[in-house]
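Visitor: Mind folding the following:
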Amino acid sequence: MSDYQAPRSPRDEINGMLYFPRLCDKIRLHSEGKLESDYIENLGGGMDLWTCQFLGVDYTDLRDKVLGGASDEEALAWCRENGNPRGELELTWWNSYMQSRGYRDDMTDRLAFRKDEAGWNDRDDIITFFDFIDVDEGRQ
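Guide: Coordinates of the predicted model:
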């Protein structure tokens with residue numbers, strides 16, 4: 001049995017923000033040696049990077065905060081205090097953007113590639129990267 005753990009779903013949210021709990025979870029799992037190697041190459045990139053850019057913080061600084069013992073809620077509060085202030089409308093936009101990545105956008109071809117790579121071309125229920133991640137990690 002493997003000691004590796006899948007991070008939380010990208011659909012998990014804290015204080016109205018999707019994906020952030022997953023980002024924190026990946027940081028913690030990596031530091032504990034429980035994150036599969038497939039995830040490690042992209043730590044701080046992709047959706048992690050987009051989330052940090054939206055919040056206006058550096059991934060390394062956020063990582064250090066999380067590894068210093070901050071809860072997800074405390075880490076998000078720190079981001080909001082030290083990064084870009086974002087209003088409710090921007091957060092609504094952000095959540096919509098993140099949960100629709102791969103659906104008729106610049107990531108559609110990448111999602112099709114990943115589905116093909118996984119042998120899931122027949123899976124019509126996978127239309128976004130959030131769908132792909134949840135299927136890949138056994139949640140759907």
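
Visitor: Check which helices and strands the lowest-mean-pLDDT helix or strand in the chain sits against.
Guide: Here the helix or strand of the chain ranked lowest by mean pLDDT, DSSP states H and E is helix 37-40, holding a mean of 89. Contacts defined by 3 or more Cβ pairs under 8 Å, 6 or more residues apart in numbering; DSSP states H and E place helix 37-40 against helix 20-31. Placement of C-beta: from N, CA and C, glycine included.

Visitor: pLDDT on the helix it packs on, on average?
Guide: Mean per-residue pLDDT for helix 20-31: 97.

Visitor: Check which helices and strands it sits against.
Guide: strand 13-14, helix 37-40, helix 46-55, helix 59-67, helix 72-82.

Visitor: one more time with 7 Å, if that's ok
Guide: Judged by 3 or more Cβ pairs under 7 Å, 6 or more residues apart in numbering; DSSP states H and E, helix 20-31 is in contact with strand 13-14, helix 46-55, helix 59-67, helix 72-82.

Visitor: Could you list the domains of the protein?
Guide: Per the record, the chain has its domains at 1-87, 99-140, by automatic domain parsing.

Visitor: And these: which comes nearest residue 93?
Guide: Proximity to residue 93 (Cβ to Cβ) singles out domain 1-87 among the domains of the chain, at 9.3 Å.
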